[in-house]
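> Kindly generate the corresponding structure for this input.
(one chain, ligands or ions: 1)
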Amino acid sequence: MRLKHKNSKDSFSQKLLWPFSSSQASGFSQRSLAIGHKWHLRDKTTGFRNRYLIMRVSMAGGKAKKEKAKAPQHMPYQGGISFHKSKGQHILKNPLLVDSIVQKSGLKPTDVVLEIGPGTGNLTKKLLEAAKKVIAVEIDPRMVLELQRRFQGTAHSNRLTVIQGDVLRTELPYFDICVANIPYQISSPLTFKLLNHQPVFRAAIIMFQREFAMRLVAQPDDKLYCRLTVNTQLHARVFHLLKVGRNNFRPPPKVDSSVVRIEPRKPRIEVKQKEWDGFLRICFNRKNKTLGSIFRQKSVISLLEKNYRTVQALELGQKEADTKMDFASFGEDQGIEMDDNEADDDEMEVEDGEADDVQSVQSEFKDKVLGVLKDGDFEEKRSSKLTLQEFLYLLSLFNKAGIHFS
Ligand SMILES: C[S@@+](CC[C@H](N)C(=O)[O-])C[C@H]1O[C@@H](n2cnc3c(N)ncnc32)[C@H](O)[C@@H]1O
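All right, here's what the predicted structure looks like:
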């Protein structure tokens, strides 16, 4: 094609110049390019317009030679890859935002960074510039290949390790800090995987869907304060760092995002996980109702009573086993033989009128549960307004009274 750019004195024939290798560019429609000109090319696969700046053209025998033109600094690297929504592939396209995330993460040059879902590596590149080492876990083999292409032969290549796999099924290596723009569908399990990771890391700086992020940082009485909030804040302090609009991504997601900083508590607050989880599930079943009305529910009382009887039976069994041991050792000491069938003599006989007894036992148990709430001054309080400390205290009161949630 014959082309004269309006800023250029020369007029010459030009063939296609691709900013990247031909394989990466395979999805683009063919267009002519001119030096210093910004071209918008549409990626056939994704339908997105990408901006390229033509830096250099070399001419050989009057014919334009194919040569790599550099993408301008503000261009996100994308390659010719089509993005899969099912894998949450929304690439960060705003380099200022990438800089801001890295700067706010407080990276030290000695840090080992865990990046989850590096994609085409826009964030990875900045992390490699700021830290000692980056370990990136990526599920999509196409992205892994793209990362290899992008970084091999660069000064960073020996400080980048890419693990191909699902981060939720990957045993995470040691890291000081996690920085990631994650696929939003794994937000919750990933957060808890990180919070249970040992040894404890310094911080995780993660891009989440805005609403999820606001749940993590919520305080008592905030609209989004929920079980997720309390469960997360049990193990970490969480801070909101940045609001991020959807147009900073390619393709733009349907929701806005936020970057938060998660700092695991040191030392950890130790709870029996099943017990804590069962307790919070009941408390947040209806978070705006009073605890009194939640714990008066028949289903809640019968569940707690079942647990109570089980724990009592186990404790009784343990006591009996201990007593038998005492007798046995007493017998050994004194040369007395114990009868193996002795325990059978203790079998209970069922009497008439047992149904009445069951009802009175149930209401006795209900009084016990409500008594705990009254004594702790929790009966009129609501989960939506309780602090983490108050939840911990209430659970300890229940447990002290022999009432368990698992
Ligand atoms: C939102 S994109 C972020 C890409 C890149 N970090 C960026 O900011 O431009 C999420 C990335 O996570 C990857 N991914 C999705 N599910 C994953 C999983 N379960 N484990 C690891 N990576 C995953 C996707 O393939 C994609 O590359």
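> And for Lys85, the neighbour number?
12 (other C-beta atoms under 10 Å). Bear in mind the C-beta positions are built from the backbone N, C-alpha and C, glycine included.
> who touches the residue in the chain that the ligand sits nearest to in this structure?
With C-beta to the nearest ligand atom, the shortest gap between the chain and the ligand falls at Gly117, namely 2.1 Å. For Gly117, the contact set (C-beta atoms under 8 Å, 6 or more residues apart in numbering) comprises Gly88, Val137, Glu138, Ile139, Val167, Ala180, Asn181, Ile182, Pro183.
> most surrounded residue in those residues?
The most crowded member of these, judged by other C-beta under 10 Å, is Asn181 (28 neighbours).
> Enumerate the beta-bridge partners assigned to it.
Taking DSSP bridges as the rule, Asn181 bridges to Met207.
> ok, it touching Thr120?
No. Shown here, Asn181 and Thr120 do not form a contact pair, counting by C-beta atoms under 8 Å, at 11.3 Å.
> show me where the stretch 101-250 of the chain has helices.
122-130, 141-151, 187-195, 210-217, 227-235 (DSSP state H, counting those that start in this stretch).
> What about Gln233, how many residues nearby?
21.
> Give me the local confidence score for it.
Here, the pLDDT recorded for Gln233 equals 98.
> Now do the contacts for it.
Neighbouring residues of Gln233 by C-beta under 8 Å, 6+ apart: Leu216, Leu388.
> One more: the one 10 residues further on?
For Lys243, the contact set (C-beta under 8 Å, 6+ apart) comprises Arg210, Asp256, Ser257, Ser258.
> Quick check: Arg309 vs Asp221, distance?
Per C-beta to C-beta, to the nearest Å, Arg309 is found 37 Å from Asp221.
> pretty sure Ser82 is in a strand, no?
No. Counting by DSSP: H, G, I helix; E, B strand; the rest coil, Ser82 is located in no strand; its state is coil.
> tell me which parts of the stretch 151-300 of the chain are close to the ligand?
Within the stretch 151-300 of the chain, the residues that sit near the ligand (C-beta under 6 Å from any ligand atom) are Asp166, Val167, Leu168, Asn181, Pro183, Ile186.
> what are the ranges of the strands in the stretch 151-300 of the chain?
According to DSSP state E, counting those that start in this stretch, the stretch 151-300 of the chain carries its strands in the segments 160-164, 177-181, 203-209, 236-244, 249-250, 257-264.
> I'd like these written out as JSON lines, with mean pLDDT added.
Below are the strands of the stretch 151-300 of the chain laid out as JSON lines (pLDDT from 0 to 100):
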{"stretch": "strand 160-164", "mean pLDDT": "98"}
{"stretch": "strand 177-181", "mean pLDDT": "98"}
{"stretch": "strand 203-209", "mean pLDDT": "98"}
{"stretch": "strand 236-244", "mean pLDDT": "98"}
{"stretch": "strand 249-250", "mean pLDDT": "96"}
{"stretch": "strand 257-264", "mean pLDDT": "98"}
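> Ok, which of these comes nearest Phe295?
Phe295 lies closest to strand 236-244 among the strands of the stretch 151-300 of the chain, at 28.5 Å (C-beta to C-beta).
> Okay, buried residues for the closest one please.
Ala236, Val238, Leu241, Leu242, Val244 (16 or more other C-beta atoms under 10 Å).
> show me what contacts the nearest residue to the fourth one once chain neighbours are set aside?
This points to Leu242. Among residues not flanking Leu242 along the chain, Val259 sits closest, at 4.2 Å (C-beta to C-beta, 6 or more residues apart in numbering). The contact partners of Val259, by C-beta under 8 Å, 6+ apart, come to Ile101, Lys104, Ile205, Ile206, Met207, Phe208, Ala213, His240, Leu241, Leu242, Val244.
> Give the bridge partners for Val259, please.
Met207, Leu242.
> Which pLDDT value goes with Val311?
89.
> what helix or strand does it sit in?
Per DSSP states H and E, Val311 falls inside helix 298-334.
> and the nearest residue to Gly371 once chain neighbours are set aside, how many neighbours?
Spatial nearest neighbour of Gly371, chain neighbours left out: Ala401 (7.6 Å); criterion: C-beta to C-beta, 6+ apart. When neighbours are counted by other C-beta under 10 Å, Ala401 registers 14.
> And for Gln103?
11.
> now the one 10 residues further on
For Val113, the count of nearby residues is 28 (other C-beta under 10 Å).
> ok, it - contacts?
Applying C-beta under 8 Å, 6+ apart, the residues contacting Val113 are Leu107, Leu127, Ala131, Lys133, Val134, Ile135, Phe175, Asp176, Ile177, Cys178, Val179.
> do the same with Asn399
Glu275 are the contacts of Asn399 under C-beta under 8 Å, 6+ apart.
> what about it, which helix or strand?
Counting by DSSP H and E, Asn399 is found in helix 388-400.
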